[in-house]
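> Sequence and predicted structure below; questions after.
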Amino acid sequence: MIRGDSQLDVVVAGGGFAGLTLAIALRQGLGPSVSVIVADPMLGRSYVDDERASAIVAAARRLFEALGVWQSVAAEAQPILDMVVTDSRVDDAVRPVFLTFAGEVEPGEPFAHMIENRHLVAALEAKAREVGVDLRATAVTRFSTDQAANSDHPPGAMPKGSAQHLNVELADGGPIATRLLVAADGARSSIRELAGIAVHGWDYGQSAIVTNVGHERDHEGRAVEHFLPAGPFAILPLKGRRSSIVWTERTADAERIMALPDDSFHAELEQRFKLHLGEITTVGARRAHPLGFFVARSFLAERLALVGDAAHLIHPIAGQGLNMGLRDVAALAEVIVDAARLGLDPGAETVLERYQRWRRFDTMAMGLATDGLNRLFSNRSTGLRFMRDIGLGLVDRVPNLKRLFIREAAGLVGDVPKLLRGKSL
Ligand SMILES: Cc1cc2nc3c(=O)[nH]c(=O)nc-3n(C[C@H](O)[C@H](O)[C@H](O)COP(=O)(O)OP(=O)(O)OC[C@H]3O[C@@H](n4cnc5c(N)ncnc54)[C@H](O)[C@@H]3O)c2cc1C
């Protein structure tokens, strides 16, 4: 077991999905001998006004089940029973269906569930409290290695691998000596910046408008992805006669649409939504998210690991951003627990290197795949449209290929960490 002594074993900066899930997994895997702090100034508040819902793929659901979190949100989660992909222009009267997926990875196990972010984060926070994670509503502001405290090395120039702990400062106090600091502080991670870790990436010049709608007819668990020239328009089923809309537009158009009065916004929405679920009865609050892509050059620095959006940001076209973050969390928790059982220190370079080897290539592959999908579909070229429709039609006719895509999308392909296979650590 890791010896806590007078210092903390792990400090997690960021109490979103990634940070809270990691903290729970560590406490459950190693028990009370490991102390874990999660610091986030927005604890309990970050998702309150967030209309976003997430597609939680089968592997991620298995992880939440293994941690005992899924059980408390299952009633709010809508299984995705099938998925339909169309490729058309906004004003096309008919939207031919090119690809359909009936969505089970195993008999009775849907490939994904839709759930509103606020329900899931509330359940994670409650579980974190229950297992003894120390939750602090404050920000991590700075950190330095123990050698740096006695010298004036800039972070990137410090001798590697020799510090026994990091000194972490919180906005309301500190320093705290910790074996490992985990940056789970989102895409604009200040921890990543303080560590001098650069990112490779670009902006898409697109924004996703997100809102939830009520409609007359039952969606029957069907998710619909309309590929329109400005980007995908996704209708994702929520519990009841409601759906989550993720509507991608070029940023200038998104700004114009966001500024519309309610009735005009409703009309623009309806033009894309069409009437297959009857009239739209309610439209919730709207919010626009600018879209970009990046992968951090490194997922680690001395006694520091990056997880979730702090390590990578991808286009929501395939609904995989959070699922990738949970894969980071499951892999990092597993390498830490394995190491601790051998009496090793969780922040040791060899432990963190194992995490990076496990996750970085896989992240790059998924990031580039979603980038390619967006380029292929957010496009007005008629020739390209013809080719991609043939491609979609071909995939639709080859059952084994479709099965492989479903398992890949469900996070069940490759070197899958234990928690994502539903096994405890
Ligand atoms: C429109 C849209 C739709 C999406 N749909 C899906 C989907 O269907 N499926 C899916 O898998 N993914 C989806 N995603 C991606 C998903 O929402 C993100 O990947 C996920 O929220 C990232 O979680 P995180 O915990 O890494 O970061 P965040 O949720 O950003 O959490 C970071 C936390 O860190 C805190 N913080 C920041 N700075 C500090 C600091 N200095 N100290 C302490 N705390 C700090 C913040 O307050 C915040 O609570 C979507 C994204 C968008 C934009």
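Here it is on my side, so go on. From a predicted model like this one, the values you see are computed outputs, not experimental measurements.

> pretty sure residue 301 contacts residue 194?
No - using Cβ atoms under 8 Å, residue 301 is not in contact with residue 194; the gap is 9.4 Å. Bear in mind the C-beta positions are built from the backbone N, C-alpha and C, glycine included.

> Neighbour count for those two, which is higher?
residue 301 (24 against 17; other Cβ atoms under 10 Å).

> Next one: stretch 316-325, is it in contact with the ligand?
Yes - applying Cβ under 6 Å from any ligand atom, one finds stretch 316-325 in contact with the ligand at 316, 319, 320, 321, 322, 323, 325.

> Would you mind naming what in the stretch 151-300 of the chain lies close to the ligand?
So far as Cβ under 6 Å from any ligand atom goes, the stretch 151-300 of the chain lies against the ligand at 184, 185, 186, 190, 208, 210, 246, 289.

> run the last query once more with 5 Å
185, 186, 190, 208, 210, 289 (Cβ under 5 Å from any ligand atom).

> Tell me the residue of the stretch 201-350 of the chain that sits nearest the ligand?
residue 308 (2.4 Å; Cβ to the nearest ligand atom).

> Distance of that residue relative to residue 87?
31 Å (Cβ to Cβ, to the nearest Å).

> Please apply the same query to residue 294.
Taking Cβ to Cβ, one finds residue 294 at 28 Å from residue 87.

> Looking at these two now, which is surrounded by more residues?
For residue 294 versus residue 87, neighbours defined as other Cβ under 10 Å are more numerous around residue 87 (21 against 18).

> Helix, strand, or coil at residue 291?
strand (DSSP: H, G, I helix; E, B strand; the rest coil).

> show me what contacts residue 246?
208, 209, 210, 232, 233, 234, 236, 316, 319 (Cβ atoms under 8 Å, 6 or more residues apart in numbering).

> Ignore what I typed, I meant residue 210.
Per Cβ under 8 Å, 6+ apart, neighbours of residue 210: 51, 52, 244, 245, 246, 247, 286, 287, 288, 289.

> which two of those residues lie the greatest distance from each other?
244 and 288 (14.7 Å; Cβ to Cβ).

> Which residue of the two possesses the greater neighbour count?
Applying other Cβ under 10 Å to residue 244 and residue 288 shows that residue 244 carries more neighbours, namely 25 against 17.

> pretty sure that one is in contact with residue 215, am I right?
No - taking contacts as Cβ under 8 Å, residue 244 lies outside contact range of residue 215: 11.8 Å.

> one step back: a markdown table please, covering the contacts of residue 210 and showing secondary structure.
Listed next are the contacts of residue 210 as a markdown table, based on three-state DSSP:
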| residue | secondary structure |
| --- | --- |
| 51 | coil |
| 52 | coil |
| 244 | strand |
| 245 | strand |
| 246 | strand |
| 247 | strand |
| 286 | coil |
| 287 | strand |
| 288 | strand |
| 289 | strand |
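
> From the residues you listed, keep the buried residues only.
Among the contacts of residue 210, those classed as buried by 16 or more other Cβ atoms under 10 Å are 51, 52, 244, 245, 246, 247, 286, 288, 289.

> on that earlier part again, hang on, isn't the residue of the stretch 201-350 of the chain closest to the ligand packed against residue 13?
No - taking Cβ under 8 Å as the definition, residue 308 is not a contact partner of residue 13, at 11.0 Å.

> List the residues that are in contact with both of those two.
19, 184.

> Could you identify the longest strand within the protein?
strand 199-215 (DSSP state E).

> Is the residue nearest to residue 143 when sequence neighbours are not counted bridged to anything, and to what?
Excluding the flanking residues, the one nearest residue 143 by Cβ to Cβ, 6 or more residues apart in numbering is residue 168, at 4.6 Å. Using DSSP bridges, the bridge partners assigned to residue 168 are residue 143, residue 176.

> what pairs with the residue lying closest to residue 195 once chain neighbours are set aside across the strands?
Leaving aside its chain neighbours, residue 195 sits nearest to residue 301 (4.3 Å; criterion: Cβ to Cβ, 6+ apart). For residue 301, the beta-bridge partners are residue 304 (DSSP bridges).

> gap between residue 301 and residue 163?
Applying Cβ to Cβ to residue 301 and residue 163 gives a distance of 11 Å.

> which stretches of the stretch 51-200 of the chain form strands?
53-57, 78-79, 82-87, 97-102, 104-106, 109-110, 112-116, 134-136, 140-145, 166-170, 173-183, 199-215 (DSSP state E, counting those that start in this stretch).

> would CSV of the ones you listed with mean pLDDT be doable?
Listed next are the strands of the stretch 51-200 of the chain as CSV, based on pLDDT from 0 to 100:
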stretch, mean pLDDT
strand 53-57, 94
strand 78-79, 96
strand 82-87, 84
strand 97-102, 70
strand 104-106, 82
strand 109-110, 90
strand 112-116, 95
strand 134-136, 96
strand 140-145, 94
strand 166-170, 95
strand 173-183, 91
strand 199-215, 95
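
> Scan this protein for its longest helix.
For the chain, the longest helix by residue count, based on DSSP state H, is helix 349-377.

> what packs against that helix?
Under the contact criterion of 3 or more Cβ pairs under 8 Å, 6 or more residues apart in numbering; DSSP states H and E, helix 349-377 touches strand 231-238, strand 287-296, strand 300-301, strand 304-306, helix 321-341, helix 382-397.

> What residues of that helix count as buried?
351-352, 354-356, 358-360, 362-363, 366-367, 370-371, 373-374, 376-377.

> Check the offset of that helix from the chain's centre.
Computed by Cα atoms, centre = their mean, to the nearest Å, the chain-centroid distance of helix 349-377 equals 13 Å.

> now stretch 186-206
15 Å.

> got the buried residues for it?
By 16+ other Cβ under 10 Å, the buried positions in stretch 186-206 come out as 186-187, 189-192, 194-195, 197, 199, 201, 204, 206.

> Would you mind measuring from residue 374 to the ligand?
Residue 374 sits 13 Å away from the ligand, taking Cβ to the nearest ligand atom, to the nearest Å as the criterion.

> What pLDDT is listed against that residue?
We have a pLDDT of 74 for residue 374.

> Repeat that for residue 149.
Confidence score, pLDDT, at residue 149: 47.

> tell me how far the ends of stretch 232-250 are from each other?
Taking Cα to Cα, to the nearest Å, the first and last residues of stretch 232-250 lie 11 Å apart.

> Buried residues in that stretch, which are they?
Quick answer for stretch 232-250 (16+ other Cβ under 10 Å): 232-239, 241-250.

> and the closest residue to residue 280 other than its chain neighbours, how many residues sit next to it?
Distances taken as Cβ to Cβ, 6+ apart put residue 213 closest to residue 280, at 5.0 Å, once the chain neighbours are dropped. Number of residues near residue 213 (other Cβ under 10 Å) recorded here: 21.
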